[in-house]
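J.: Here is the input, now give the coordinates:
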Amino acid sequence: MDEPDTTWIFGYGSLIWRADFPYGEARPGFIRDWSRRFWQGSTDHRGVPGKPGRVVTLVHTPGETCHGMAYRLDPASREEVLEHLDYREKGGYDRLVVDIHFSGAPSVRGMTYHATDDNPNYLGEAQYEEIASQVIASRGPSGHNLEYVLRLDEALRAQGVIDAHVHEIAAVARDLSGQK
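T.: Model prediction:
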């Protein structure tokens with residue numbers, strides 16, 4: 001059982017492969033009743049104002065499971081890490097309290113960041129080809145949007161997870177961009 005001052009962060013997008021903060025422990029985990037979708041615009045990382053990229057957010061979907069990475073923060077650096085993550089996820093994301101589940105271990109209460117449909121960068125649902133085309137055409141301070149999509153798909157597959165939405169958009173984006 002975790003101590004009361006223990007903080008867990010659940011990452012389901014770039015935090016899976018790019019945890020740029022100190023943590024005490026990292027392990028694969030999942031949350032229930034949420035799905036990952038490329039419905040959030042990025043004008044600060046994978047796109048720019050006027051030409052946003054697409055990144056993932058969580059959509060409440062009863063019965064679905066969203067896999068990712070869970071990070072236990074060290075209490076000594078907790079506030080610094082949360083300040084860093086609040087800045088990193090500033091483009092329309094808010095904190096959300098979730099139960100993080102692990103295979104063969106008790107669940108923990110933690111938090112994640114999600115973008116709701118009422119934020120100014122929310123792009124919403126679109127056809128896979130439209131999303132993939134936007135991804136291919138977008139680049140921002142954190143790099144090309146295609147890299148984000150492909151790395152997310154690779155990181156999930158490395159965990160043994162095939163997220164149908166991510167995998168299909170990655171496949172369409174590879175085809176449209178000529179990458180294999």
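J.: Run through the strands of the protein in chain order.
T.: Ranges of strands in the chain, per DSSP state E, are 7-11, 25-42, 53-73, 93-102, 105-115, 139-140, 143-144.
J.: With respect to burial, which of those strands scores highest?
T.: strand 7-11 (a mean of 23; mean count of other C-beta atoms under 10 Å). C-beta: built from backbone N, CA, C; applies to glycine.
J.: circling back: TSV please, covering the strands of the chain and showing mean pLDDT.
T.: Converted to TSV, those look like this (pLDDT from 0 to 100):
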stretch	mean pLDDT
strand 7-11	97
strand 25-42	98
strand 53-73	98
strand 93-102	97
strand 105-115	96
strand 139-140	96
strand 143-144	96
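J.: closest one to Val166 among those?
T.: Taking C-beta to C-beta, strand 25-42 is the member of these nearest to Val166, at 6.4 Å.
J.: now the angle between strand 105-115 and the closest one, please.
T.: Strand 25-42 and strand 105-115 are oriented at 20 degrees to each other (axes from the mean of the first three to the mean of the last three C-alpha atoms, to 10 degrees).
J.: C-alpha coordinates for strand 25-42, CSV please?
T.: What follows is strand 25-42 as a C-alpha-only set of coordinates in CSV (Å, rounded to 0.1, in the frame of the first residue of the first chain):
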residue,chain,number,x,y,z
GLU,A,25,9.5,4.0,-10.1
ALA,A,26,8.0,3.4,-13.5
ARG,A,27,5.9,0.5,-14.6
PRO,A,28,3.3,-0.3,-17.3
GLY,A,29,-0.3,0.3,-16.1
PHE,A,30,-3.7,1.0,-17.4
ILE,A,31,-6.9,2.9,-16.6
ARG,A,32,-10.4,1.7,-17.2
ASP,A,33,-13.3,3.4,-19.0
TRP,A,34,-11.1,5.7,-21.0
SER,A,35,-9.8,5.5,-24.6
ARG,A,36,-6.9,7.3,-26.2
ARG,A,37,-7.8,9.5,-29.3
PHE,A,38,-5.9,11.9,-31.6
TRP,A,39,-8.5,14.6,-31.0
GLN,A,40,-6.3,17.3,-29.3
GLY,A,41,-4.5,19.9,-31.3
SER,A,42,-0.9,20.8,-30.4
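J.: Contact partners for Gly63?
T.: Applying C-beta atoms under 8 Å, 6 or more residues apart in numbering to Gly63 gives the contacts Asp33.
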